[in-house]
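Chemist: structure for this input, please:
(one chain, ligands or ions: 2)
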Amino acid sequence: MALSALRVCLAARLWHTCALNSRSQTGTLVKILVDENMPYARDLFSRLGEVKAVPGRPIPVAELADADALMVRSVTKVNAALLQGTGIKFVGTATAGTDHVDDAWLEQAGIAFSAAPGCNAIAVVEYVFSSLLMLAERDGFALTDRTVGIVGVGNVGGRLQARLEALGIRTLLCDPPRADHGDAGDFRSLDELVREADVLTFHTPLFKDGPYKTLHLADEALIARLKPGTILINACRGPVVDNAALLQRLQAGQALSVVLDVWEPEPDLNVALLDRVDIGTAHIAGYTLEGKARGTTQVFEAYSEFIGKRQQVALDTLLPAPEFGRITLHGGLDQSTLKRLVHLVYDVRRDDALLRKVAGTPGEFDKLRKHYLERREWSSLYVQCDDADAAALLLKLGFNAVHTPVR
Ligand SMILES: NC(=O)C1=CN([C@@H]2O[C@H](COP(=O)(O)OP(=O)(O)OC[C@H]3O[C@@H](n4cnc5c(N)ncnc54)[C@H](O)[C@@H]3O)[C@@H](O)[C@H]2O)C=CC1
Ligand SMILES: O=C(O)C(=O)[C@H](O)COP(=O)(O)O
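Modeler: Ligands and ions are numbered 1, 2, ... in the order given. Just a heads-up that it's a prediction; the model follows:
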């Protein structure tokens, strides 16, 4: 059992001794605060108590005083300064990353905590693919001629590896915590990736210190050593790449292609850096409807268990039908066909253009995220293929593909 799940169970046992049937200790219905950018949260959590949707940045602190539970996204800093003296007994974050939560303080304060590991991993992988396919078309190269170095091989990095390898693209993996743990896999040093990879893509948590520190993992020295033409991607946390150093290297003329979804700092990114990168987006790599819905259901299920009213939710009972019903693919799957299919579902240039329009105007970064256009995962596209190999490969990549032989 993961440590966070274990802590939820232990805290739940304590809670059960003093509270029953979704009622707080005073006998009133539990009050659950949810971030207003959590799709399906109002409907789901109202099965368990009284729900109030609130902005996450800044969070209206007065609402915390009589609340029992708090469901956040990554923009809310959860720590003693926010929660000391409140009645909050459970915090859920509908995100994969947890660097916005002081979980050590929550533990010593006896507040249960649950996150949503892997909820949006597919979305991030599809963001990376959209970016790579766009750059490959623009610069005229075949992805199969490139080596992709993946730093952080967890839910995102592992799925990225699987899809790249399904396409015959060589990957190099770097994940010291997994290597030290003895996990199976051909793990290499970051140095080796820097030397050998044509694409370097970061998918680690943000650790500000400790043996596996990732703060400025890509520092000036690392960036300076990247081969000319390297594609550098950061879709994990802004401070994993030293943004000032990156800007300096780009201004000095270092030949890199850069894709940044996350910034140092957010929401006030450095517009001069945005001007220099090839693709820049407003921390939306994980923003598919499926990814957000999974985040909500994961914390909903954890909280329902915490209060002793265990419920499970099937994602397809929540999600609307996708925009595209089905399409037919004739013949095999080459890079250009794959790019067209991928971009039928999601084209990263849409989000890049939106950010460039508003960057530098206070409040606009968060507005883009709040009013994010609906985006689905590749699995929402039903592709009928008359070629069996194309169908098998698309299925492996995550599309809803079938082989229907031509009669
Ligand atoms: N841009 C976005 O919208 C999103 C960003 N994220 C970020 O991406 C991160 C990764 O996401 P997941 O794959 O779901 O997390 P995960 O926890 O499943 O995987 C992270 C991997 O990084 C490895 N790692 C830790 N320290 C490392 C180091 N120093 N060097 C190399 N590898 C290291 C871990 O061992 C683990 O295998 C999250 O922590 C979150 O901050 C996640 C989802 C969406
Ligand atoms: O899950 C994560 O980790 C992320 O980075 C999320 O995609 C961030 O989304 P918000 O929590 O900032 O809405």
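Chemist: any idea which element residue 148 lies in?
Modeler: Residue 148 is part of strand 147-151 when elements are defined by DSSP states H and E.
Chemist: now the stretch 101-250 of the chain against ligand 2: closest residue?
Modeler: Per CB to the nearest ligand atom, the residue of the stretch 101-250 of the chain with the smallest distance to ligand 2 is residue 120, at 5.2 Å. Where you see a C-beta, it was placed from the backbone N, CA and C, and this is true even at glycine.
Chemist: that residue reaches residue 291, doesn't it?
Modeler: Yes - contact criterion CB atoms under 8 Å: residue 120 and residue 291 qualify, at 3.1 Å.
Chemist: next, the contact list for the residue nearest the centre of the chain, please.
Modeler: Central residue of the chain (CA atoms, centre = their mean): residue 286, 3.7 Å from the mean position. Neighbouring residues of residue 286 by CB atoms under 8 Å, 6 or more residues apart in numbering: 95, 96, 119, 120, 121, 123, 124, 127, 292.
Chemist: what's the burial count for the fifth one?
Modeler: What that stands for is residue 121. For residue 121, the tally of surrounding residues (other CB atoms under 10 Å) stands at 21.
Chemist: show me what counts as buried in stretch 85-99.
Modeler: Residues of stretch 85-99 classed as buried by neighbour count (16 or more other CB atoms under 10 Å): 86-99.
Chemist: how long is it from one end to the other?
Modeler: From its first residue to its last, stretch 85-99 covers 22 Å (CA to CA, to the nearest Å).
Chemist: that stretch and ligand 1, are they touching?
Modeler: Yes - interface with ligand 1: stretch 85-99 contributes 96, 97 (CB under 6 Å from any ligand atom).
Chemist: show me where the stretch 51-200 of the chain has its strands.
Modeler: With strands called from DSSP state E, counting those that start in this stretch, the stretch 51-200 of the chain shows them at 69-72, 90-93, 112-114, 147-151, 170-174, 199-202.
Chemist: export the contacts of residue 286 as TSV, with columns for pLDDT and distance to residue 307.
Modeler: Listed next are the contacts of residue 286 as TSV, based on pLDDT from 0 to 100; distance: CB to CB, whole Å:
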residue	pLDDT	distance to residue 307
95	98	21
96	98	24
119	98	21
120	98	25
121	99	28
123	98	29
124	99	31
127	99	35
292	98	23
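Chemist: tell me the pLDDT at residue 315?
Modeler: What the model reports for residue 315 is a pLDDT of 95.
Chemist: hmm, residue 292 and it touching each other?
Modeler: No - assessed by CB under 8 Å, residue 315 is found out of contact with residue 292, at 10.8 Å.
Chemist: interface residues of the chain facing ligand 1?
Modeler: So far as CB under 6 Å from any ligand atom goes, the chain lies against ligand 1 at 96-97, 117-118, 120-121, 124, 151-157, 174-178, 203-207, 212, 214, 235-237, 261-262, 283, 285-286.
Chemist: still on that earlier bit, which other residues reach the strand holding residue 148?
Modeler: Outside of strand 147-151, the residues within contact range by CB under 8 Å, 6+ apart are 132, 157, 160-161, 164, 169-175, 190, 193-194, 196-204, 217.
Chemist: again, only this time at 7 Å
Modeler: The contact list for strand 147-151 (CB atoms under 7 Å, 6 or more residues apart in numbering) reads 157, 160-161, 164, 169-174, 190, 193, 196-204.
Chemist: so how do I select the buried members of those residues in PyMOL?
Modeler: In PyMOL, a selection of the buried entries from the contacts of strand 147-151 looks like this (16+ other CB under 10 Å):
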select buried, resi 157+160+161+164+169+170+171+172+173+174+190+193+197+198+199+200+201+202+203+204
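Chemist: ok, back up a step: now, which of the residues of the chain next to ligand 1 lie within helices?
Modeler: Using DSSP state H, the subset of those located in helices is 121, 124, 155, 156, 157, 176, 177, 178.
Chemist: so stretch 50-68, near ligand 2 or not?
Modeler: No - Stretch 50-68 is not in contact with ligand 2 by CB under 6 Å from any ligand atom; minimum separation 7.3 Å.
Chemist: could you list the buried residues of that stretch?
Modeler: Residues 50, 51, 54, 56, 57, 59, 64, 67, 68 are the ones in stretch 50-68 that count as buried (16+ other CB under 10 Å).
Chemist: what two of those residues are the furthest from one another?
Modeler: 50 and 57 (23.1 Å; CB to CB).
Chemist: domain map for this structure?
Modeler: Taking the TED database as the criterion, the chain consists of the domains 27-115+290-317, 120-280, 320-403.
Chemist: ends of the last one, what's the gap?
Modeler: From its first residue to its last, domain 320-403 covers 25 Å (CA to CA).
Chemist: which single residue of the stretch 51-200 of the chain ends up nearest ligand 1?
Modeler: When scored by CB to the nearest ligand atom, the stretch 51-200 of the chain has residue 154 as its residue closest to ligand 1, at 1.8 Å.
Chemist: can you pull the contacts of that residue?
Modeler: Residues near residue 154 by CB under 7 Å, 6+ apart: residue 203.
Chemist: please consider this matter closed, and thank you.
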